[in-house]
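Engineer: Give me a 3D structure for the following:
(2 chains)
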There are 2 protein chains.
Amino acid sequence: MAMAGNYLDHVTIVLHRPRFPENVGASARAARNMGISRLVLVEPENCDLTRVVRMATHAALDVVENMEVFSDLRTALKPFRYVVGTTARLGGERQEVGTPREVAARLVSICANNEVALVFGPEDRGLSNADLRLCHELVTIPSADFSSLNLAQAVMVLCYELFLAGRQGRPKPVLPKLANRHELDAMYEHLRAVFVRINFINPENPDFWMRSIRRFFSRAGLQARDVKVIRGICRQIDWYTEQYRLQQGETRKD
Amino acid sequence: MAMAGNYLDHVTIVLHRPRFPENVGASARAARNMGISRLVLVEPENCDLTRVVRMATHAALDVVENMEVFSDLRTALKPFRYVVGTTARLGGERQEVGTPREVAARLVSICANNEVALVFGPEDRGLSNADLRLCHELVTIPSADFSSLNLAQAVMVLCYELFLAGRQGRPKPVLPKLANRHELDAMYEHLRAVFVRINFINPENPDFWMRSIRRFFSRAGLQARDVKVIRGICRQIDWYTEQYRLQQGETRKD
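Structural biologist: Now for the predicted structure:
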């Protein structure tokens, strides 16, 4: 347990008395997707590896292969310097309970130098008060009306928040280059001329429709390449209307 | 579909070609826990209700009972004014993809006046490029190394972010009513016909330019009145090209 590398390498998911092997497999998969690869089972009721692996899928096979199994929670938690317990119920001894986002933000700092365990109770009852006393802090997943997340879904949410919490500092995705004011003005001029020519707008009062057009193009945040597409369309319409005008002239001459 | 009450009442989870009834049930449970109770299935491969309900549990029974089933995605999406597609793969047509948190923040505003669909593809392949073209925007769940969330886990993360986004406390700006999928499809059909007629796009391969067009219109979040303006423009171009065609016919006869 050397303290180096990714902070997620110092997080272990602990499932206390999981009842269904499918939930163990789905938890392994959820954790692995979020960069967490250590899983501990305590007194699993059924640990049929075929059923575990079917839900873990090939992608999380390494998590299942390296999974450790203990016969009591206290022993399983011995190597950890910080233990977070998950609870759906509130009140009583569960007065101070953080949200996954708050707890994840704290854990990113804690993980840097400490092995951390995230403990989940059995599907039907959750962690007991005695189990919770082994925890440094508690976390609950907010939910509507009632709270009854599936075990693997609860693992999913916690791992997701932990994964994201460490990425907050990363540079944000860069927006592609937007069209500059000059390109936009030329495009709107061109559009207006085309619309007048095809009698879509009245040359005396072009502003009403142009406002609509500007409004939705502005919302779109037009890029330089979008402006090129739109001006290409305008040129095609120009060509047609010009052909029509010329032909009309010829027809009249006839 | 009256626009009132909780914004989550205007969100529907759409599972396109789900293969396993357990995933449908687990998705119903995840959604219900986060206050979302509308679920739509499109071409489910297996819809064994016993297996669906076992995973949904009693708590999400109402979601399963009110679930609607459609035989194609386009029809299923007709009533929605804003469609978000989920994708694990990036690149190609999937250039601009938001994170669940960014998209959830936007959706809180959009939901106030618009029915919103969150679409998830089949477990093994995800949404196709054709499916994604029905979407206003795309979202991908960030993950470590590889990306292979279970369907119900992906539903969990999106619903969780949507649920939290509305609880941030700050009142969000309310977006006006957007054009529905039906209005948009008819508009894109009309645009494509016009573009072919004015030789802006090659009828053999219309997709390249149409993708550009869809991309910036989707970013704009077109409203019903914007669609009316665009179709008005199309009709004017139709009129001109038709006059030109007629005149050419006459000229030739001369």
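Engineer: now what about stretch A:205-214, what contacts it?
Structural biologist: Contact with stretch A:205-214 is made by A:188, A:191-192, A:195-196, A:200-201, B:225-226, B:229, as judged by C-beta atoms under 8 Å, 6 or more residues apart in numbering or on different chains. Any C-beta I mention is one placed from the backbone N, CA and C, and that applies to glycine too.
Engineer: Return the set of buried residues in it.
Structural biologist: Neighbour-count burial for stretch A:205-214 flags A:206, A:209, A:212-213 (criterion: 16 or more other C-beta atoms under 10 Å in any protein chain shown).
Engineer: Would you format those residues as JSON lines with distance to A:Leu39 included?
Structural biologist: Shown next, in JSON lines, are these (distance: C-beta to C-beta, whole Å):
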{"residue": "A:Pro206", "distance to A:Leu39": "66"}
{"residue": "A:Trp209", "distance to A:Leu39": "61"}
{"residue": "A:Ser212", "distance to A:Leu39": "57"}
{"residue": "A:Ile213", "distance to A:Leu39": "56"}
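Engineer: residue ranges of the strands in the stretch 101-250 of chain A, please?
Structural biologist: Taking DSSP state E, counting those that start in this stretch, the strands of the stretch 101-250 of chain A run over residues A:116-120, A:137-139.
Engineer: low-confidence ranges in the stretch 51-200 of chain A?
Structural biologist: By pLDDT under 70, the low-scoring segments of the stretch 51-200 of chain A are A:91-95, A:146-147, A:168-177.
Engineer: In it, what residue lies closest to chain B?
Structural biologist: A:Ala144 (3.2 Å; C-beta to the nearest C-beta).
Engineer: quick one: what helix or strand has the nearest residue to that residue once chain neighbours are set aside in it?
Structural biologist: Sequence neighbours aside, B:Gly35 is the residue nearest to A:Ala144 in space, at 3.2 Å (criterion: C-beta to C-beta, 6 or more residues apart in numbering or on different chains). Assigned by DSSP states H and E, B:Gly35 falls within no helix or strand.
Engineer: which residues touch B:Gly35?
Structural biologist: So B:Gly35 contacts A:143-145, B:6, B:8, B:163 (C-beta under 8 Å, 6+ apart).
Engineer: go with 6 Å
Structural biologist: Applying C-beta atoms under 6 Å, 6 or more residues apart in numbering or on different chains to B:Gly35 gives the contacts A:144, B:8, B:163.
Engineer: Also A:Arg225?
Structural biologist: Taking C-beta under 6 Å, 6+ apart as the definition, A:Arg225 has no contacts.
Engineer: end-to-end on stretch A:198-210?
Structural biologist: Terminal residues of stretch A:198-210 are spaced 14 Å apart (C-alpha to C-alpha, to the nearest Å).
Engineer: and the nearest residue to A:His190 once chain neighbours are set aside, how many neighbours does it have?
Structural biologist: The shortest distance from A:His190 to any non-neighbouring residue, by C-beta to C-beta, 6+ apart, is to A:Cys234 (4.8 Å). By the criterion of other C-beta atoms under 10 Å in any protein chain shown, A:Cys234 has 20 neighbours.
Engineer: My read is that A:Cys234 contacts A:Val194, right?
Structural biologist: Yes - contact criterion C-beta atoms under 6 Å: A:Cys234 and A:Val194 qualify, at 4.9 Å.
Engineer: picking that back up, which of the contacts of stretch A:205-214 ranks first by neighbour count?
Structural biologist: A:Leu191 leads the contacts of stretch A:205-214 on contacts (other C-beta under 10 Å) with 24 neighbours.
Engineer: how close does that one sit to B:Met210?
Structural biologist: 19 Å (C-beta to C-beta, to the nearest Å).
Engineer: same thing with A:Gln223?
Structural biologist: Counting by C-beta to C-beta - A:Gln223 and B:Met210 are separated by 17 Å.
Engineer: who touches A:Val139 in this structure?
Structural biologist: Going by C-beta under 6 Å, 6+ apart, A:Val139 touches A:84, A:86, A:98, A:100, A:103.
Engineer: Disregarding flanking residues, what is the spatial nearest neighbour of it?
Structural biologist: A:Val103 (4.4 Å).
Engineer: Just give me the neighbour total for A:Phe120.
Structural biologist: Neighbour tally, A:Phe120, other C-beta under 10 Å: 24.
Engineer: That one touches A:Thr86, doesn't it?
Structural biologist: Yes - using C-beta under 6 Å as the test, A:Phe120 is close enough to A:Thr86 to be in contact (5.2 Å).
Engineer: so what pLDDT did the residue nearest to A:His190 get?
Structural biologist: Looking at A:Cys234, its pLDDT reads 91.
Engineer: now swap in the one 10 residues further on and tell me
Structural biologist: Per-residue confidence for A:Tyr244 comes out at a pLDDT of 80.
Engineer: ok, it - contacts?
Structural biologist: Going by C-beta under 6 Å, 6+ apart, the list of residues near A:Tyr244 reads B:240, B:243-244.
Engineer: Can you tell me which of the residues you listed is closest to A:Phe217?
Structural biologist: Distance to A:Phe217 across these (C-beta to C-beta) is lowest for B:Tyr240, with 22.5 Å.
Engineer: How far off centre is stretch A:96-108?
Structural biologist: Stretch A:96-108 has its C-alpha centroid displaced from the chain centroid by 17 Å (C-alpha atoms, centre = their mean, to the nearest Å).
Engineer: Check stretch A:151-166 too.
Structural biologist: 10 Å.
Engineer: May I have that stretch as PDB, with CA atoms only?
Structural biologist: Backbone C-alpha positions of stretch A:151-166 (Å, rounded to 0.1, in the frame of the first residue of the first chain) are rendered in PDB as follows:
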ATOM      1  CA  LEU A 151     -26.500  -1.800  -3.700                       C
ATOM      2  CA  ALA A 152     -24.600  -1.500  -7.000                       C
ATOM      3  CA  GLN A 153     -26.400   1.700  -7.900                       C
ATOM      4  CA  ALA A 154     -25.200   3.200  -4.600                       C
ATOM      5  CA  VAL A 155     -21.700   2.000  -5.300                       C
ATOM      6  CA  MET A 156     -22.000   3.600  -8.800                       C
ATOM      7  CA  VAL A 157     -23.000   7.100  -7.400                       C
ATOM      8  CA  LEU A 158     -20.200   7.200  -4.800                       C
ATOM      9  CA  CYS A 159     -17.500   6.000  -7.200                       C
ATOM     10  CA  TYR A 160     -18.700   8.500  -9.800                       C
ATOM     11  CA  GLU A 161     -18.500  11.400  -7.400                       C
ATOM     12  CA  LEU A 162     -15.100  10.300  -6.300                       C
ATOM     13  CA  PHE A 163     -13.800  10.000  -9.800                       C
ATOM     14  CA  LEU A 164     -15.200  13.500 -10.700                       C
ATOM     15  CA  ALA A 165     -13.900  15.100  -7.600                       C
ATOM     16  CA  GLY A 166     -10.400  14.600  -8.600                       C
END
